[in-house]
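Asker: this one's structure only:
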Ligand code: GLN
(Lines give C-alpha, C1' and ligand atoms only; values in the text may rest on other atoms or scores of the structure.)
Protein backbone atom coordinates (compact mmCIF):
# COMPACT_ATOMS: atom_id res chain seq x y z
CA UNK A 1 0.00 0.00 0.00
CA UNK A 2 1.26 3.45 -0.82
CA UNK A 3 1.41 6.49 1.37
CA UNK A 4 -1.09 7.96 -1.05
CA UNK A 5 -3.84 5.65 0.27
CA UNK A 6 -3.17 6.70 3.85
CA UNK A 7 -3.12 10.39 2.99
CA UNK A 8 -6.34 10.17 1.05
CA UNK A 9 -8.06 8.26 3.86
CA UNK A 10 -6.94 10.85 6.40
CA UNK A 11 -8.20 13.67 4.24
CA UNK A 12 -11.59 12.04 3.70
CA UNK A 13 -11.87 11.31 7.39
CA UNK A 14 -11.18 14.92 8.30
CA UNK A 15 -13.74 16.22 5.84
CA UNK A 16 -16.45 13.59 6.26
CA UNK A 17 -15.95 11.82 9.60
CA UNK A 18 -15.94 8.33 8.12
CA UNK A 19 -13.73 6.55 10.66
CA UNK A 20 -13.77 5.70 14.33
CA UNK A 21 -10.27 4.27 13.94
CA UNK A 22 -7.97 4.77 10.99
CA UNK A 23 -4.87 2.62 10.94
CA UNK A 24 -2.01 5.00 10.27
CA UNK A 25 0.70 2.51 9.37
CA UNK A 26 1.68 1.11 6.00
CA UNK A 27 0.54 -2.44 5.36
CA UNK A 28 0.74 -4.93 2.52
CA UNK A 29 -2.22 -6.12 0.47
CA UNK A 30 -5.63 -4.84 -0.60
CA UNK A 31 -7.21 -2.26 1.69
CA UNK A 32 -10.71 -2.77 3.06
CA UNK A 33 -12.73 -0.61 5.41
CA UNK A 34 -14.86 -2.33 8.00
CA UNK A 35 -17.91 -1.29 9.97
CA UNK A 36 -16.96 -0.85 13.59
CA UNK A 37 -19.24 -3.60 14.91
CA UNK A 38 -17.14 -6.33 13.28
CA UNK A 39 -14.40 -7.55 15.60
CA UNK A 40 -10.82 -6.98 14.49
CA UNK A 41 -7.95 -8.40 16.50
CA UNK A 42 -5.93 -5.68 18.19
CA UNK A 43 -8.05 -2.89 16.69
CA UNK A 44 -10.58 -1.09 18.83
CA UNK A 45 -14.14 -2.14 17.99
CA UNK A 46 -16.81 0.12 19.42
CA UNK A 47 -20.01 -0.69 17.49
CA UNK A 48 -20.42 3.10 17.50
CA UNK A 49 -21.25 3.12 21.21
CA UNK A 50 -19.48 4.86 24.06
CA UNK A 51 -20.06 1.77 26.19
CA UNK A 52 -17.44 -0.07 24.07
CA UNK A 53 -14.94 2.78 23.79
CA UNK A 54 -12.20 0.73 25.43
CA UNK A 55 -12.89 -2.63 23.76
CA UNK A 56 -10.02 -4.17 21.80
CA UNK A 57 -10.93 -7.68 20.55
CA UNK A 58 -8.39 -10.45 20.96
CA UNK A 59 -9.71 -12.23 17.84
CA UNK A 60 -10.86 -11.59 14.30
CA UNK A 61 -14.44 -12.09 13.12
CA UNK A 62 -14.67 -14.97 10.64
CA UNK A 63 -15.15 -12.56 7.72
CA UNK A 64 -11.97 -10.68 8.68
CA UNK A 65 -10.02 -13.91 9.05
CA UNK A 66 -11.13 -15.00 5.56
CA UNK A 67 -10.27 -11.63 4.03
CA UNK A 68 -6.81 -11.60 5.59
CA UNK A 69 -6.18 -15.05 4.14
CA UNK A 70 -6.91 -13.56 0.71
CA UNK A 71 -4.48 -10.69 1.16
CA UNK A 72 -6.73 -7.95 2.50
CA UNK A 73 -5.82 -5.65 5.37
CA UNK A 74 -8.07 -3.48 7.49
CA UNK A 75 -7.47 0.17 6.66
CA UNK A 76 -9.91 1.47 9.20
CA UNK A 77 -13.05 0.93 11.24
CA UNK A 78 -15.94 3.05 10.06
CA UNK A 79 -18.46 5.25 11.80
CA UNK A 80 -21.95 3.87 12.37
CA UNK A 81 -25.10 4.28 14.42
CA UNK A 82 -24.45 2.78 17.86
CA UNK A 83 -25.12 -0.98 17.60
CA UNK A 84 -26.73 -0.33 14.22
CA UNK A 85 -29.66 1.54 15.77
CA UNK A 86 -30.60 4.01 13.09
CA UNK A 87 -30.98 4.87 9.42
CA UNK A 88 -28.84 7.99 9.17
CA UNK A 89 -25.63 7.27 11.16
CA UNK A 90 -26.54 10.18 13.41
CA UNK A 91 -26.81 7.99 16.56
CA UNK A 92 -23.04 7.64 16.85
CA UNK A 93 -20.76 8.35 19.78
CA UNK A 94 -17.82 9.02 17.45
CA UNK A 95 -18.86 11.83 15.16
CA UNK A 96 -21.39 11.76 12.38
CA UNK A 97 -20.31 10.82 8.84
CA UNK A 98 -21.44 13.13 6.04
CA UNK A 99 -22.90 12.54 2.63
CA UNK A 100 -20.25 12.47 -0.12
CA UNK A 101 -22.36 14.59 -2.50
CA UNK A 102 -23.61 17.19 -0.02
CA UNK A 103 -22.08 17.64 3.42
CA UNK A 104 -25.26 19.12 4.85
CA UNK A 105 -26.98 15.78 4.30
CA UNK A 106 -26.80 12.38 5.95
CA UNK A 107 -25.02 9.44 4.38
CA UNK A 108 -27.59 6.93 5.59
CA UNK A 109 -27.19 4.25 8.18
CA UNK A 110 -26.28 2.39 9.97
CA UNK A 111 -23.22 1.44 7.87
CA UNK A 112 -22.79 5.11 6.90
CA UNK A 113 -19.03 5.49 7.35
CA UNK A 114 -18.26 2.58 5.04
CA UNK A 115 -20.60 3.77 2.27
CA UNK A 116 -19.49 7.39 2.41
CA UNK A 117 -15.81 6.43 2.36
CA UNK A 118 -16.14 3.96 -0.54
CA UNK A 119 -17.96 6.61 -2.53
CA UNK A 120 -15.26 9.24 -1.89
CA UNK A 121 -12.07 7.18 -2.11
CA UNK A 122 -10.21 6.85 -5.38
CA UNK A 123 -7.98 4.10 -4.01
CA UNK A 124 -10.20 1.88 -1.90
CA UNK A 125 -12.94 -0.20 -3.52
CA UNK A 126 -13.91 -2.66 -0.81
CA UNK A 127 -15.91 -2.18 2.34
CA UNK A 128 -17.92 -4.25 4.79
CA UNK A 129 -21.26 -3.20 6.12
CA UNK A 130 -23.81 -4.95 8.28
CA UNK A 131 -27.56 -4.94 8.05
CA UNK A 132 -30.34 -5.74 10.45
CA UNK A 133 -33.18 -3.83 8.81
CA UNK A 134 -31.53 -2.25 5.81
CA UNK A 135 -28.21 -0.86 6.97
CA UNK A 136 -26.35 -1.93 3.85
CA UNK A 137 -29.00 -0.88 1.33
CA UNK A 138 -29.80 2.51 2.86
CA UNK A 139 -26.30 4.04 3.07
CA UNK A 140 -25.32 2.50 -0.28
CA UNK A 141 -28.29 4.19 -1.93
CA UNK A 142 -27.63 7.52 -0.18
CA UNK A 143 -23.93 7.50 -1.12
CA UNK A 144 -24.21 6.18 -4.68
CA UNK A 145 -22.39 2.88 -4.17
CA UNK A 146 -23.27 -0.81 -4.44
CA UNK A 147 -24.50 -2.66 -1.34
CA UNK A 148 -25.16 -6.39 -1.26
CA UNK A 149 -27.10 -7.90 1.62
CA UNK A 150 -26.64 -11.68 1.45
CA UNK A 151 -29.25 -14.26 2.43
CA UNK A 152 -29.42 -14.65 6.21
CA UNK A 153 -26.94 -17.39 7.10
CA UNK A 154 -24.81 -17.20 3.96
CA UNK A 155 -22.11 -15.19 5.73
CA UNK A 156 -20.88 -16.00 9.23
CA UNK A 157 -21.84 -13.62 12.03
CA UNK A 158 -19.11 -14.89 14.31
CA UNK A 159 -17.34 -11.83 15.69
CA UNK A 160 -20.15 -9.44 14.85
CA UNK A 161 -21.44 -7.41 17.77
CA UNK A 162 -25.09 -8.40 17.71
CA UNK A 163 -27.97 -6.06 17.19
CA UNK A 164 -30.81 -8.53 16.51
CA UNK A 165 -29.41 -12.01 15.96
CA UNK A 166 -32.23 -13.35 13.81
CA UNK A 167 -31.83 -10.51 11.30
CA UNK A 168 -28.13 -9.52 11.37
CA UNK A 169 -26.08 -9.96 8.21
CA UNK A 170 -22.66 -8.85 7.09
CA UNK A 171 -22.24 -7.84 3.44
CA UNK A 172 -20.13 -5.97 0.87
CA UNK A 173 -20.30 -2.25 0.15
CA UNK A 174 -18.28 -1.52 -2.98
CA UNK A 175 -18.01 0.73 -6.02
CA UNK A 176 -19.11 -1.92 -8.52
CA UNK A 177 -21.21 -5.07 -8.62
CA UNK A 178 -18.11 -7.01 -9.69
CA UNK A 179 -16.28 -6.01 -6.51
CA UNK A 180 -19.31 -6.99 -4.43
CA UNK A 181 -19.31 -10.42 -6.12
CA UNK A 182 -15.60 -10.83 -5.37
CA UNK A 183 -16.06 -9.95 -1.70
CA UNK A 184 -19.09 -12.18 -1.27
CA UNK A 185 -17.17 -15.10 -2.74
CA UNK A 186 -14.53 -14.67 -0.04
CA UNK A 187 -16.68 -14.01 3.01
CA UNK A 188 -19.55 -16.48 2.45
CA UNK A 189 -19.75 -20.09 3.54
CA UNK A 190 -20.38 -22.37 6.46
CA UNK A 191 -18.65 -21.62 9.75
CA UNK A 192 -18.51 -23.98 12.70
CA UNK A 193 -18.47 -20.93 14.95
CA UNK A 194 -21.87 -19.77 13.69
CA UNK A 195 -24.54 -22.48 13.78
CA UNK A 196 -26.87 -20.43 11.57
CA UNK A 197 -24.58 -20.59 8.53
CA UNK A 198 -25.25 -22.68 5.43
CA UNK A 199 -22.92 -24.52 3.09
CA UNK A 200 -24.12 -22.53 0.07
CA UNK A 201 -21.15 -20.43 -0.94
CA UNK A 202 -20.27 -20.16 -4.62
CA UNK A 203 -17.88 -18.30 -6.86
CA UNK A 204 -20.20 -15.38 -7.47
CA UNK A 205 -18.00 -13.81 -10.14
CA UNK A 206 -19.29 -16.45 -12.54
CA UNK A 207 -22.59 -14.55 -12.62
CA UNK A 208 -20.96 -11.44 -14.08
CA UNK A 209 -21.11 -10.49 -17.76
CA UNK A 210 -24.28 -12.45 -18.48
CA UNK A 211 -27.40 -11.49 -20.38
CA UNK A 212 -30.71 -10.97 -18.60
CA UNK A 213 -33.04 -11.97 -21.41
CA UNK A 214 -35.60 -14.43 -20.15
CA UNK A 215 -35.32 -13.36 -16.51
CA UNK A 216 -38.63 -12.36 -14.98
CA UNK A 217 -39.03 -9.55 -12.49
CA UNK A 218 -41.89 -7.74 -10.86
CA UNK A 219 -42.14 -4.43 -9.15
CA UNK A 220 -44.46 -3.74 -6.28
CA UNK A 221 -46.88 -0.94 -7.13
CA UNK A 222 -47.00 0.30 -3.54
CA UNK A 223 -43.25 0.91 -3.46
CA UNK A 224 -43.68 3.69 -5.99
CA UNK A 225 -46.68 5.40 -4.42
CA UNK A 226 -47.40 7.31 -1.25
CA UNK A 227 -44.38 8.34 0.78
CA UNK A 228 -41.93 7.89 -2.10
CA UNK A 229 -40.31 11.07 -3.38
CA UNK A 230 -40.74 11.99 -7.00
CA UNK A 231 -36.99 12.09 -7.74
CA UNK A 232 -36.66 8.57 -6.39
CA UNK A 233 -39.64 7.24 -8.29
CA UNK A 234 -38.55 8.78 -11.60
CA UNK A 235 -34.94 7.55 -11.34
CA UNK A 236 -35.91 4.01 -10.42
CA UNK A 237 -38.62 3.79 -13.07
CA UNK A 238 -36.19 4.90 -15.76
CA UNK A 239 -33.70 2.30 -14.52
CA UNK A 240 -36.44 -0.31 -14.92
CA UNK A 241 -36.94 0.92 -18.51
CA UNK A 242 -33.20 0.42 -19.10
CA UNK A 243 -33.39 -3.11 -17.73
CA UNK A 244 -36.39 -3.86 -19.97
CA UNK A 245 -34.37 -2.72 -22.97
CA UNK A 246 -31.72 -5.24 -21.99
CA UNK A 247 -34.31 -7.99 -22.07
CA UNK A 248 -35.64 -8.21 -18.51
CA UNK A 249 -39.36 -8.98 -18.35
CA UNK A 250 -41.03 -6.75 -15.81
CA UNK A 251 -44.58 -6.89 -14.49
CA UNK A 252 -46.43 -4.92 -11.86
CA UNK A 253 -47.83 -6.58 -8.76
CA UNK A 254 -49.53 -5.32 -5.61
CA UNK A 255 -48.48 -5.90 -2.00
CA UNK A 256 -50.87 -3.91 0.10
CA UNK A 257 -49.50 -4.55 3.58
CA UNK A 258 -45.99 -3.33 2.94
CA UNK A 259 -45.91 -0.65 5.64
CA UNK A 260 -47.32 -3.06 8.25
CA UNK A 261 -43.95 -4.78 8.20
CA UNK A 262 -42.28 -1.85 9.93
CA UNK A 263 -43.80 -2.45 13.39
CA UNK A 264 -43.32 -6.22 13.00
CA UNK A 265 -39.64 -5.67 12.34
CA UNK A 266 -39.11 -3.13 15.13
CA UNK A 267 -40.86 -5.29 17.72
CA UNK A 268 -38.59 -8.26 17.02
CA UNK A 269 -35.46 -6.15 16.53
CA UNK A 270 -35.92 -4.22 19.77
CA UNK A 271 -36.76 -7.32 21.78
CA UNK A 272 -33.56 -9.00 20.62
CA UNK A 273 -31.51 -5.82 20.99
CA UNK A 274 -32.59 -5.34 24.59
CA UNK A 275 -31.36 -8.81 25.57
CA UNK A 276 -28.11 -8.29 23.65
CA UNK A 277 -27.36 -5.05 25.43
CA UNK A 278 -27.80 -6.61 28.86
CA UNK A 279 -24.26 -7.96 28.74
CA UNK A 280 -22.77 -4.46 28.74
CA UNK A 281 -22.93 -4.25 32.49
CA UNK A 282 -19.33 -3.24 33.13
CA UNK A 283 -18.43 -6.66 34.51
CA UNK A 284 -18.68 -8.91 31.48
CA UNK A 285 -18.47 -6.24 28.79
CA UNK A 286 -18.63 -2.48 28.62
CA UNK A 287 -16.92 0.39 30.32
CA UNK A 288 -15.45 -0.27 33.72
CA UNK A 289 -15.92 1.97 36.67
CA UNK A 290 -14.92 1.44 40.23
CA UNK A 291 -17.68 -0.20 42.25
CA UNK A 292 -15.98 0.70 45.55
CA UNK A 293 -18.15 2.52 48.06
CA UNK A 294 -21.16 2.16 45.82
CA UNK A 295 -24.26 0.08 46.01
CA UNK A 296 -24.55 -2.28 43.10
CA UNK A 297 -27.67 -0.55 41.90
CA UNK A 298 -25.82 2.77 41.71
CA UNK A 299 -22.91 1.12 39.97
CA UNK A 300 -25.09 -0.31 37.21
CA UNK A 301 -27.15 2.82 36.93
CA UNK A 302 -24.08 4.94 36.42
CA UNK A 303 -22.65 2.70 33.74
CA UNK A 304 -25.85 2.38 31.82
CA UNK A 305 -26.15 6.15 31.64
CA UNK A 306 -23.27 5.91 29.15
CA UNK A 307 -25.67 4.51 26.57
CA UNK A 308 -26.93 7.04 24.03
CA UNK A 309 -30.56 8.15 23.67
CA UNK A 310 -31.49 5.61 21.00
CA UNK A 311 -29.77 2.76 22.85
CA UNK A 312 -31.74 3.57 25.99
CA UNK A 313 -34.98 3.84 24.04
CA UNK A 314 -34.48 0.39 22.52
CA UNK A 315 -33.54 -1.21 25.82
CA UNK A 316 -36.70 0.17 27.39
CA UNK A 317 -39.09 -0.65 24.56
CA UNK A 318 -37.46 -4.05 23.94
CA UNK A 319 -37.71 -4.99 27.61
CA UNK A 320 -41.35 -3.98 27.68
CA UNK A 321 -42.09 -6.12 24.63
CA UNK A 322 -40.58 -9.17 26.32
CA UNK A 323 -42.37 -8.73 29.65
CA UNK A 324 -44.69 -11.43 30.93
CA UNK A 325 -48.16 -10.42 29.85
CA UNK A 326 -47.00 -8.45 26.82
CA UNK A 327 -44.81 -11.06 25.21
CA UNK A 328 -47.66 -12.93 23.53
CA UNK A 329 -49.40 -9.77 22.43
CA UNK A 330 -46.30 -8.32 20.80
CA UNK A 331 -43.27 -10.53 20.41
CA UNK A 332 -44.92 -13.90 19.68
CA UNK A 333 -47.45 -12.25 17.40
CA UNK A 334 -44.73 -10.43 15.50
CA UNK A 335 -42.87 -13.70 14.98
CA UNK A 336 -46.00 -15.31 13.52
CA UNK A 337 -46.54 -12.38 11.18
CA UNK A 338 -42.91 -12.53 10.13
CA UNK A 339 -43.48 -16.12 8.98
CA UNK A 340 -46.63 -15.14 7.12
CA UNK A 341 -44.81 -12.37 5.29
CA UNK A 342 -41.97 -14.72 4.37
CA UNK A 343 -44.48 -17.18 2.90
CA UNK A 344 -46.10 -14.39 0.89
CA UNK A 345 -42.72 -13.51 -0.60
CA UNK A 346 -41.90 -17.15 -1.31
CA UNK A 347 -45.12 -17.30 -3.37
CA UNK A 348 -43.99 -14.31 -5.43
CA UNK A 349 -40.71 -16.09 -6.17
CA UNK A 350 -42.63 -19.04 -7.61
CA UNK A 351 -43.55 -16.69 -10.46
CA UNK A 352 -40.68 -14.23 -10.63
CA UNK A 353 -36.89 -14.30 -10.33
CA UNK A 354 -36.67 -10.85 -8.87
CA UNK A 355 -38.59 -8.12 -7.10
CA UNK A 356 -37.60 -4.54 -7.87
CA UNK A 357 -38.22 -1.46 -5.76
CA UNK A 358 -36.48 1.75 -4.76
CA UNK A 359 -33.80 1.28 -2.08
CA UNK A 360 -35.06 4.19 0.00
CA UNK A 361 -38.25 6.24 -0.38
CA UNK A 362 -36.36 9.53 -0.06
CA UNK A 363 -33.14 11.16 -1.23
CA UNK A 364 -30.59 11.71 1.58
CA UNK A 365 -32.22 14.23 3.93
CA UNK A 366 -30.53 17.22 5.52
CA UNK A 367 -29.22 16.82 9.07
CA UNK A 368 -31.60 19.54 10.28
CA UNK A 369 -34.59 17.65 8.86
CA UNK A 370 -33.52 14.39 10.47
CA UNK A 371 -33.34 16.19 13.83
CA UNK A 372 -36.99 17.16 13.48
CA UNK A 373 -38.15 13.57 12.89
CA UNK A 374 -39.92 11.70 15.69
CA UNK A 375 -38.66 8.15 16.34
CA UNK A 376 -41.75 6.76 14.58
CA UNK A 377 -41.19 8.93 11.49
CA UNK A 378 -37.56 7.88 11.52
CA UNK A 379 -38.46 4.18 11.65
CA UNK A 380 -40.98 4.57 8.81
CA UNK A 381 -38.24 5.61 6.38
CA UNK A 382 -37.14 1.95 6.49
CA UNK A 383 -40.33 0.64 4.94
CA UNK A 384 -38.65 -0.38 1.69
CA UNK A 385 -35.66 -2.16 3.24
CA UNK A 386 -37.63 -3.99 5.91
CA UNK A 387 -39.35 -6.54 3.60
CA UNK A 388 -36.01 -8.14 2.66
CA UNK A 389 -34.76 -7.78 6.24
CA UNK A 390 -37.76 -9.47 7.83
CA UNK A 391 -37.68 -12.39 5.42
CA UNK A 392 -33.91 -12.95 5.31
CA UNK A 393 -33.99 -12.50 1.53
CA UNK A 394 -30.89 -11.29 -0.32
CA UNK A 395 -30.90 -7.88 -1.99
CA UNK A 396 -28.63 -5.57 -3.88
CA UNK A 397 -28.73 -1.79 -4.11
CA UNK A 398 -27.24 -0.29 -7.26
CA UNK A 399 -26.91 3.46 -7.90
CA UNK A 400 -29.20 4.66 -10.69
CA UNK A 401 -28.58 8.38 -10.77
CA UNK A 402 -25.43 9.93 -12.14
CA UNK A 403 -26.17 13.58 -11.30
CA UNK A 404 -27.71 15.18 -8.23
CA UNK A 405 -28.43 13.41 -4.98
CA UNK A 406 -27.87 9.64 -5.18
CA UNK A 407 -30.74 7.20 -5.62
CA UNK A 408 -30.55 3.40 -5.49
CA UNK A 409 -32.57 0.64 -7.11
CA UNK A 410 -33.18 -2.32 -4.81
CA UNK A 411 -33.39 -5.79 -6.32
CA UNK A 412 -34.50 -8.70 -4.14
CA UNK A 413 -34.18 -12.40 -4.98
CA UNK A 414 -35.22 -15.68 -3.38
CA UNK A 415 -33.01 -17.14 -0.64
CA UNK A 416 -29.50 -18.05 -1.86
CA UNK A 417 -30.12 -16.53 -5.29
CA UNK A 418 -27.37 -13.92 -4.96
CA UNK A 419 -26.21 -14.99 -8.43
CA UNK A 420 -29.32 -13.47 -10.02
CA UNK A 421 -28.76 -10.20 -8.18
CA UNK A 422 -25.21 -10.03 -9.44
CA UNK A 423 -26.21 -10.81 -13.03
CA UNK A 424 -28.89 -8.12 -13.11
CA UNK A 425 -26.90 -5.53 -11.17
CA UNK A 426 -23.89 -6.04 -13.38
CA UNK A 427 -26.01 -5.92 -16.57
CA UNK A 428 -27.47 -2.63 -15.43
CA UNK A 429 -24.03 -1.18 -14.71
CA UNK A 430 -22.81 -2.12 -18.16
N1 LIG B 1 -32.85 1.49 10.67
C2 LIG B 1 -33.04 0.17 11.14
C3 LIG B 1 -32.96 0.11 12.63
O4 LIG B 1 -32.64 1.06 13.25
C5 LIG B 1 -32.07 -0.79 10.52
C6 LIG B 1 -30.67 -0.64 11.02
C7 LIG B 1 -29.79 -1.78 10.65
O8 LIG B 1 -30.01 -2.47 9.67
N9 LIG B 1 -28.79 -2.02 11.46
O10 LIG B 1 -33.22 -0.90 13.20
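Answerer: Cool, got the structure. This structure is a prediction, so every number in the text was calculated from the model and none was measured.

Asker: so how far is the helix or strand of the chain with the lowest mean pLDDT off the chain centroid?
Answerer: Evaluated with mean pLDDT, DSSP states H and E, the helix-and-strand set of the chain has its lowest mean pLDDT in helix 296-304, which scores a mean of 73. Centre-to-centre, helix 296-304 and its host chain are 32 Å apart (C-alpha atoms, centre = their mean, to the nearest Å).

Asker: give me the next element, helix or strand, following it.
Answerer: Downstream of helix 296-304, the next assigned helix or strand under DSSP states H and E is helix 309-322.

Asker: now for that next one, which elements pack on it?
Answerer: Packed against helix 309-322 by the contact rule (3 or more C-beta pairs under 8 Å, 6 or more residues apart in numbering; DSSP states H and E) you find helix 261-276. (Glycine included, C-beta is placed from N, CA and C.)

Asker: please identify the buried residues of the least confident helix or strand of the chain?
Answerer: 299-300, 303-304 (16 or more other C-beta atoms under 10 Å).

Asker: ok, the residue of the stretch 201-350 of the chain found nearest the ligand - contacts?
Answerer: Ranked by C-beta to the nearest ligand atom, the top residue of the stretch 201-350 of the chain for proximity to the ligand is residue 269, at 5.2 Å. Contacts for residue 269 (C-beta atoms under 8 Å, 6 or more residues apart in numbering) come out as 132-133, 163-164, 167.

Asker: swap in 7 Å and give it another go.
Answerer: Listed by C-beta atoms under 7 Å, 6 or more residues apart in numbering, the contact set of residue 269 reads 132-133, 164, 167.

Asker: please apply the same query to residue 224.
Answerer: Here residue 224 is in contact with 233, 237 (criterion: C-beta under 7 Å, 6+ apart).

Asker: check residue 40 too.
Answerer: Per C-beta under 7 Å, 6+ apart, neighbours of residue 40: 34, 57, 60, 64, 74, 77.

Asker: mind running it again at 8 Å?
Answerer: By C-beta under 8 Å, 6+ apart, the neighbours of residue 40 are 34, 57, 60-61, 64, 74, 77.

Asker: which ones among those map onto helices?
Answerer: The helices, defined by DSSP state H, take in residue 64 from those.

Asker: closest one to the ligand out of the contacts of residue 40, please.
Answerer: residue 34 (15.1 Å).

Asker: ok, now how distant is the residue of the stretch 201-350 of the chain closest to the ligand from residue 405?
Answerer: Separation of residue 269 from residue 405 (C-beta to C-beta, to the nearest Å) stands at 28 Å.

Asker: same question for residue 314.
Answerer: 29 Å.

Asker: neighbour count: the two, which is higher?
Answerer: Per other C-beta atoms under 10 Å, whichever of residue 314 and residue 405 has more neighbours is residue 314, with 27 against 19.

Asker: now do the helices in the protein.
Answerer: Under DSSP H, the chain gives helices at 3-16, 62-69, 112-120, 137-143, 177-187, 230-245, 261-276, 296-304, 309-322, 333-351, 367-372, 375-380, 386-391, 418-429.

Asker: and those helices, which is most packed in?
Answerer: For those, the largest average neighbour count (mean count of other C-beta atoms under 10 Å) is found in helix 137-143, namely a mean of 35.

Asker: on that earlier part again, in CSV: the buried residues of helix 296-304, plus distance to residue 324.
Answerer: Below are these laid out as CSV (distance: C-beta to C-beta, whole Å):
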residue, distance to residue 324
299, 27
300, 22
303, 26
304, 22
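
Asker: now flag whichever of those residues is closest to residue 202.
Answerer: residue 304 (44.0 Å; C-beta to C-beta).

Asker: for the closest one, give me its contacts.
Answerer: Each residue near residue 304 by C-beta under 8 Å, 6+ apart is listed here: 280-281, 312, 315.

Asker: where's the dip in pLDDT among those?
Answerer: Scanning these for pLDDT, the low point is residue 281. It has 77.

Asker: now for that one, how many residues are close by?
Answerer: Residue 281 has 15 neighbours, counted by other C-beta under 10 Å.

Asker: same check, this time on residue 356
Answerer: 23.

Asker: who in the stretch 251-400 of the chain is up against the ligand?
Answerer: Residues of the stretch 251-400 of the chain lying near the ligand by C-beta under 6 Å from any ligand atom: 269, 382.

Asker: now the stretch 251-400 of the chain, which segments are flagged as low pLDDT?
Answerer: Applying pLDDT under 70 to the stretch 251-400 of the chain flags the ranges 289-294, 296.

Asker: next one: the stretch 1-150 of the chain
Answerer: 1.

Asker: show me which residues of it are close to the ligand?
Answerer: 84-87, 110, 131-135.

Asker: most neighbours among those residues, which one?
Answerer: In those, the most neighbours by other C-beta under 10 Å go to residue 135, 37 neighbours.

Asker: excluding chain neighbours, what is closest to that residue?
Answerer: residue 110 (4.2 Å; C-beta to C-beta, 6 or more residues apart in numbering).

Asker: I'd say the one you found and residue 89 touch.
Answerer: Yes - using C-beta atoms under 8 Å, residue 110 is in contact with residue 89, at 6.1 Å.

Asker: now for the two: what residues contact both?
Answerer: 80-81, 139.

Asker: and which of those is nearest the ligand?
Answerer: Closest to the ligand, out of all of the shared contacts of residue 110 and residue 89 and judged by C-beta to the nearest ligand atom, is residue 81, at 6.8 Å.

Asker: chain neighbours aside, what residue packs nearest to the closest one?
Answerer: Per C-beta to C-beta, 6+ apart, closest to residue 81 is residue 110, 3.7 Å.

Asker: kind regards, and thank you for your time.
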